[in-house]
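In: Sequence first, predicted model second:
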Amino acid sequence: MKNLTEGKPLKLILLFAIPLFIGQLFQLFYGLVDIRIVGQTLGETSLAAVGATTTLSDLMVGLLNGLTNGFAIIIATFFGAKDEKNMKKAIAGTAVLGAGSAIIISIFSLLFLPQILSILHISEDILPEAKEYISIILAGLIVSTLYNVCAAILRAIGDSFTPLIFLIFSSFLNIGLDYAFILFLHTGVGGAAAATVLSQGVSVVLCFLYMKKKYPSLRLCKEDFRIGKNVLHKLFGTGLSMAFMTSFVQFGTLALQTSINTFGNATIVAHTAARKVTSIFFLPTSVLGTTLATYCGQNLGAGKFSRIKKGIKQTVLLDMGWWIITLITTYTISPLLIQAITATTDAEIINTAVLYLKVNSPFYFVPIVICLFRNSMQGFGDSKTPVFSSSLELVGKVLIATFLSPVIGYWGIIVSEPIVWFIMVIPLIVNMIRNPIFKMEDAKKGAVASVIEKS
């Protein structure tokens, strides 16, 4: 267990974030491996089938991941306040609510999958493979959610290293299973999806067994599942806020994907590759955002408000340095990155993907602020502003997909995100400046409970 309420903020944030970054890198590796192996072994039509449904799987996984990350903030707050009784109840609630939500979403998605694929405008030539791939991913949502539950609980108590070990192991397992299913068992894109789900299942089992043995304080009894209205209210409030925030982002991206799927297979593949490179670029920002949520949650529980402001400021400055690196990378080696991901030499695909990256990367400093501010606000108890900001993103992308893209084609997709970013960052900056928590004195030990109650 790692306490983030004592010591130099930036050092603690970095030490916590580095294992998390490596873990997220390997998690992203799952998707990249599927794309690379599918493109290399099955061809660009199969790759387009996977790419056409990527935003749908990202939406479902992101929704559940946001939910469990929100629950973890409450666990971190009780951990910071040294309230073990309520921390255990929050852990029990996280497990039950996370698993239950995954089952409901999985069933709902599979029942209405034909209608969903129709809305996505997936062409007939790739529809069978697209349906095969996404069906297996959706059926395995419970597996990925249970892993995220275990990882979120460990991060909440300051252990970001353990989930990394299990994730690295399962990532290499995923590569082996991909080749085994596709090349030797000839299972096509369905084999790639099954390899991903099975590999994540191994992570779940290993992580659960480790938690049970290593952390006796996390072992739950029957009493812990009598959660109580107060803890349930906090879990639902923060969990749903994080889930809505994430899903609004993904719904907006899904709206754009409906337009992209009408531009042909080459554009679908190009955009899929460009978004994967973007995901790599944003990975440190995403990790620092997740770290700040835990950091702010623990320091809120400890009543150390001055540390919250200091940690946020230092992290933003650090992440701006990373933005400069991504900008240089985009304008030098982005064609090589696209080729490495897709295993293609098609000039149209490479040039389209590079165009997307070169237009968007100069504005990456805006989503940096968005990500860090949104996660920080969730951590110190402001759940409304991040959701409002994300709703602006959803509305903006839907309007662009509906009215702009049909007129100017893929250029509408390219310019959509910078436009939306500048709109949605405004309420975050305003509320961060006005937030009363930065005007409060650090709470004394006896006052911490009341601070948590009000958050």
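Out: Perfect, I can see it now. Numbering: from 1, shown residues only.

In: low-confidence ranges in the stretch 51-200 of the chain?
Out: Judged by pLDDT under 70, the stretch 51-200 of the chain has no weakly predicted residues.

In: Let me know whether Lys63 touches Ile105 as I believe.
Out: To be clear, residue 63 is Leu; Lys isn't right here. Yes - the criterion here is Cβ atoms under 8 Å, and Leu63 meets it with Ile105 at 6.9 Å. C-beta here means a position set from N, CA and C on the backbone, and glycine is covered the same way.

In: Which one's more surrounded, these two?
Out: Relative neighbour count places Leu63 above the other of Leu63 and Ile105, with 24 against 20, counting by other Cβ atoms under 10 Å.

In: For that one, list the residues it contacts.
Out: 105, 243, 246-247, 250 (Cβ atoms under 8 Å, 6 or more residues apart in numbering).

In: could I get these as CSV with secondary structure?
Out: Listed next are the contacts of Leu63 as CSV, based on DSSP: H, G, I helix; E, B strand; the rest coil:
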residue, secondary structure
Ile105, helix
Ala243, helix
Thr246, helix
Ser247, helix
Gln250, helix
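
In: And those residues, which is closest to Gly228?
Out: Comparing the contacts of Leu63 against Gly228 with Cβ to Cβ places Ala243 closest, at 21.4 Å.

In: Need the residue closest to the centroid of the protein.
Out: Gly62 (5.3 Å; Cα atoms, centre = their mean).

In: Which element, helix or strand, includes it?
Out: According to DSSP states H and E, Gly62 maps onto helix 44-80.

In: Name the residues of that helix that are buried.
Out: Neighbour counts over helix 44-80 (16 or more other Cβ atoms under 10 Å) mark 44, 46-80 as buried.

In: still on that earlier bit, what's the residue nearest to the centre of the chain in contact with, if anything?
Out: Contacts of Gly62 by Cβ under 8 Å, 6+ apart are 246-247, 249-250.

In: Narrow these to just the buried residues.
Out: Buried residues within the contacts of Gly62, counting neighbours by 16+ other Cβ under 10 Å: 246-247, 249-250.

In: coming back round to it: show me which of the contacts of Gly62 is closest to Gly188.
Out: So of the contacts of Gly62, ranked by how close each gets to Gly188 (Cβ to Cβ), first place is Gln250, at 26.1 Å.

In: quick one: that closest one from Lys310, how far?
Out: 32 Å (Cβ to Cβ, to the nearest Å).

In: what helix or strand is the closest residue to Met432 other than its chain neighbours on?
Out: In space, not counting the residues next to it along the chain, Met432 is nearest to Phe373; the distance is 5.4 Å by Cβ to Cβ, 6 or more residues apart in numbering. According to DSSP H and E, Phe373 maps onto helix 365-379.

In: mean confidence score for that helix?
Out: Per-residue pLDDT values over helix 365-379 give a mean of 91.

In: which residues are in contact with the helix or strand following it?
Out: Using DSSP H and E, the helix or strand that follows helix 365-379 in sequence is helix 384-399. Residues outside helix 384-399 that contact it (Cβ under 8 Å, 6+ apart): 241-242, 244-246, 248-249, 251-253, 255-256, 370, 373-375, 377-378, 416, 419-420, 423-425, 427-428, 431.

In: Just the residues you listed: which are in helices?
Out: 241-242, 244-246, 248-249, 251-253, 255-256, 370, 373-375, 377-378, 416, 419-420, 423-425, 427-428, 431 (DSSP state H).

In: Show me how to select, in ChimeraX, the buried members of those.
Out: The ChimeraX selection below is limited to those of the ones in helices among the contacts of helix 384-399 classed as buried (16+ other Cβ under 10 Å):
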select :241,242,244,245,246,248,249,251,252,253,255,256,370,373,374,375,377,378,416,419,420,424,425,427,428,431
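
In: just to revisit the earlier point, pretty sure the residue nearest to Met432 is touching Val430, no?
Out: No - when contacts are counted by Cβ under 8 Å, Phe373 is not listed as touching Val430 (10.5 Å).

In: Tell me the buried residues in stretch 215-233?
Out: Neighbour-count burial for stretch 215-233, counted by 16+ other Cβ under 10 Å, picks out 218, 224, 227, 231.

In: where does Leu42 fall, phi/psi-wise?
Out: When read as degrees, to the nearest 10, the backbone of Leu42 gives phi -110, psi -20.

In: Tell me which residues touch it, please.
Out: 182, 188-189.

In: which residue ranges form the helices in the stretch 1-150 of the chain?
Out: Applying DSSP state H, counting those that start in this stretch to the stretch 1-150 of the chain gives helices spanning 9-41, 44-80, 84-111, 113-119, 127-139, 141-156.

In: Can you tell me which of the ones you listed is nearest to Leu292?
Out: For Leu292, the closest of these is helix 9-41, at 7.1 Å, according to Cβ to Cβ.

In: biggest separation within the buried ones among the contacts of Gly62, which pair?
Out: Every pair of the buried ones among the contacts of Gly62 checked by Cβ to Cβ; the farthest is Ser247 and Val249, at 7.2 Å.

In: just to revisit the earlier point, anything in contact with each of Leu63 and Ile105?
Out: Residues touching both Leu63 and Ile105 (Cβ under 8 Å, 6+ apart): none.

In: ok, back up a step: which single one of the contacts of Leu42 is nearest to Ala92?
Out: Using Cβ to Cβ, Val189 comes nearest to Ala92 of the contacts of Leu42, at 37.7 Å.

In: wait, that closest one sits on Ser135?
Out: No - using Cβ under 8 Å, Val189 is not in contact with Ser135, being 10.5 Å away.

In: In terms of packing, which of the two has more residues around it?
Out: More crowded of Val189 and Ser135, by other Cβ under 10 Å: Val189, with 26 against 17.

In: tell me which element the more buried one is part of?
Out: helix 188-214.

In: That helix to helix 141-156, inter-axis angle?
Out: Relative orientation of helix 188-214 and helix 141-156, computed by axes from the mean of the first three to the mean of the last three Cα atoms, to 10 degrees: 40 degrees.

In: mind listing what's buried in helix 188-214?
Out: Buried residues in helix 188-214, counted by 16+ other Cβ under 10 Å: 188-204, 206-208, 210-211.

In: Which helix or strand contains the spatially closest residue to Phe380 that is not a sequence neighbour?
Out: Among residues not flanking Phe380 along the chain, Cys296 sits closest, at 4.5 Å (Cβ to Cβ, 6+ apart). Using DSSP H and E, Cys296 falls within helix 265-301.

In: Which one of the helices of the stretch 1-150 of the chain lies nearest to Val366?
Out: helix 44-80 (19.9 Å).

In: got the angle between the closest one and helix 188-214?
Out: Angle, helix 44-80 to helix 188-214, by the same axes, to 10 degrees: 20 degrees.
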